[in-house]
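Asker: Pasted the sequence and its predicted model underneath.
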Amino acid sequence: MTDTSADYTGPRRILSGIQASGALHLGNYLGALKRFTALQDEGAPCFLFVADMHAITVWQDPAKLTAQTREIAAAYLASGLDPAKSTIFPQSAVRAHAELAWVFNCVARLGWLDRMTQFKEKSGKHKERSSVGLYTYPVLQAADILLYKATGVPVGEDQKQHLELTRDIAAKFNTDFSAPGFFPLPEPLIQGPATRVMSLRDGSAKMSKSDPSDQSRINLTDDADAIAAKVKKARTDAEPLPETLDGLADRAEAKNLVAIYAALAGTTREAVIAEYAGQGFGAFKPRLAELAVSELAPVTAEMRRLMDDPAEIDRVLADGARRAAEIADPVVDEVKRIVGFWRA
């Protein structure tokens, strides 16, 4: 396929979203929220949405979905995102997401979606019982990104395949409709020492809101005492910390705690190892607990304050939706013209 996206000359923009389908935890904070704030502070125009349309690919209780949308927004704000600098909005409040997704459904190929591993993982052995939305949501994800002509997308390793699909859709659209440079080929932004935070009870499993054990994660609504207690009870082994990172290769829980420390402290895993080499977890975990409380307690307190004031959250979301639509609607209008839809 000829690359007609290389001619894109638009502004740099960053876009990402968090699904409104459950409580947020330390993994979301380190892997997403803290990184969003850093990108904002670098001066990049950021579009950060609550992915409520993605959430309903599996059934959601309507009342809880509304509450979870506000909770994600509260987490954005509590983590340091400034609604005057970043556009924060609910995905469903901007109609252009659904409109562009339909056009992209007609651009994307079935073979591309068949290769998406996340659908296979989430649907399991009973894919015929899954919603069509669960199968096609990577196309909606492409629309989310390209609607704002985002050039960079903060992603975890598990989302790189979906971004590749977005790039394929952008290139095919530009080629099929002889529109060189209309959509950019967005680049993945993978950074930081803890882009994939693992469970505090099992270093081989990703930290997850669906884990039945609350001790497996630090929730962004936990208070300081709960944060410290969970860190101190985190699963470890009996060996001291090694002299080099290579010594953590077969020690999943130790590797996870070192990465969490580095991310919270804004340093590298190598620096953490250099400081604590030879020390046991009896010395390391209290320091990690102290660091976690120092970093997270102000965030969790502000998040609880915001959740007690839903009117403030709603004001931010409404203003963000208006500003997002000001960017998105002209893009969809131009797509309709390019595709050949009737225009008055």
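Answerer: Cool, got the structure.

Asker: Can you give me the buried ones in stretch 20-36?
Answerer: In terms of neighbour count (16 or more other C-beta atoms under 10 Å), stretch 20-36 has its buried residues at 20-36. All C-beta atoms are positioned from the backbone trio N, CA, C, and that covers glycine.

Asker: my bad, should have said stretch 71-83
Answerer: Those buried within stretch 71-83 under the rule 16+ other C-beta under 10 Å are 71, 72, 73, 74, 75, 76, 77, 78, 79, 80, 81, 83.

Asker: one step back: looking at the buried residues of stretch 20-36, which are in helices?
Answerer: 26, 27, 28, 34, 35, 36 (DSSP state H).

Asker: just the strands in the protein please.
Answerer: Along the chain, the stretches classed as strands by DSSP state E are 14-19, 46-51, 86-90, 152-154, 187-189.

Asker: Quick one: mean pLDDT over the last one.
Answerer: Looking back up the chat, that one is strand 187-189. The pLDDT scores in strand 187-189 average 91.

Asker: next one: the second one
Answerer: Per-residue pLDDT values across strand 46-51 average out to 97.

Asker: got it, and the fourth one?
Answerer: Over the span of strand 152-154, the pLDDT mean works out to 92.

Asker: ok so, going back, could the ones in helices among the buried residues of stretch 20-36 go into TSV alongside pLDDT and distance to residue 209?
Answerer: Formatted as TSV, those follow (pLDDT from 0 to 100; distance: C-beta to C-beta, whole Å):
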residue	pLDDT	distance to residue 209
26	94	11
27	90	9
28	89	9
34	88	18
35	87	19
36	90	19
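
Asker: Could I get the residues you listed in a markdown table, plus columns for distance to residue 221?
Answerer: Compiled in a markdown table, these are given as follows (distance: C-beta to C-beta, whole Å):
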| residue | distance to residue 221 |
| --- | --- |
| 26 | 12 |
| 27 | 14 |
| 28 | 12 |
| 34 | 17 |
| 35 | 21 |
| 36 | 19 |
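
Asker: And the furthest pair within those residues?
Answerer: Greatest spatial distance among these (C-beta to C-beta): 26 and 36, at 15.1 Å.
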